[in-house]
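**Student:** predicted model follows, preceded by the sequence.
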Amino acid sequence: MNAQLKNQSGPLVRPMRFQDVDAVLAIEHKIYAFPWTLGNFRDSLSSGYSCWTYDFCDHPIGYGILMLAAGEAHLLNLGIAHDWQGQGLGRKFLRHLIEVARQDSADMMFLEVRPSNKKAIELYLSEGFNEIGLRRNYYPAANGREDAILMGMAL
């Protein structure tokens, strides 16, 4: 952990702001081979999606984008900066997003995940998500396209 960041007790979740997008995009580009674009994040904020950052000393170290509509929540994106992974922050952040969905009266929460993302699949299963389907050729991949596992959880 960076020495200058040790003064704060721990990361805090807060609503994402437009001025966070550059820092969030930098994380996205470091942790995903096929990252979202600047436009994806700006559009999510402009559309009123539930957009959150995980901050340490007012600097984003993670982010989550949740679409809430018609009694459902769809987790569109969740990322933790590489240097902060492996500390349980993704789990804590996911739990926060689940609570946001519950507070919005969502009955179900859905997400897609790459079959190659074993750590994420393990996290989602351990938090109560179940595999409910497969979206063929959903994600861009190095050799064309990769399927997505569709997961869901009753709230």
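**Tutor:** Noted; the coordinates are in hand. Numbers count the residues shown, from 1 in each chain.
**Student:** spit out the contact partners of Ile132.
**Tutor:** Going by C-beta atoms under 8 Å, 6 or more residues apart in numbering, Ile132 touches Phe110, Leu150, Met151, Gly152. C-beta here means a position set from N, CA and C on the backbone, and glycine is covered the same way.
**Student:** narrow the residues you listed to those in helices?
**Tutor:** Using DSSP state H, no member of these falls in helices.
**Student:** by neighbours, which of those residues wins?
**Tutor:** Met151 (22 neighbours; other C-beta atoms under 10 Å).
**Student:** measure that one to Leu134 for me?
**Tutor:** 11 Å (C-beta to C-beta, to the nearest Å).
**Student:** again, but for Glu112
**Tutor:** Distance, Glu112 to Leu134, using C-beta to C-beta: 10 Å.
**Student:** neighbour count winner among the two?
**Tutor:** Glu112 (17 against 12).
**Student:** pLDDT value on that one, please?
**Tutor:** Looking at Glu112, its pLDDT is 98.
**Student:** quick one, what contacts it?
**Tutor:** Arg135, Tyr138, Tyr139, Ala148, Ile149, Leu150, Met151.
**Student:** centre of the chain versus the top helix by length along the chain, how much separation?
**Tutor:** When the chain is parsed with DSSP H, its longest helix is helix 89-103. Its chain's C-alpha centre lies 10 Å from the corresponding centre of helix 89-103 when counted by C-alpha atoms, centre = their mean, to the nearest Å.
**Student:** mind listing the helices for the protein?
**Tutor:** 21-31, 38-46, 89-103, 118-126.
**Student:** and Leu76, which of those helices is closest to it?
**Tutor:** Taking C-beta to C-beta, helix 38-46 is the member of these nearest to Leu76, at 7.0 Å.
**Student:** phi, psi for the closest residue to Gly71 other than its chain neighbours please.
**Tutor:** Spatial nearest neighbour of Gly71, excluding adjacent residues (C-beta to C-beta, 6 or more residues apart in numbering): Asp107 at 4.9 Å. With angles defined as degrees, to the nearest 10, Asp107 sits at phi -90, psi -30.
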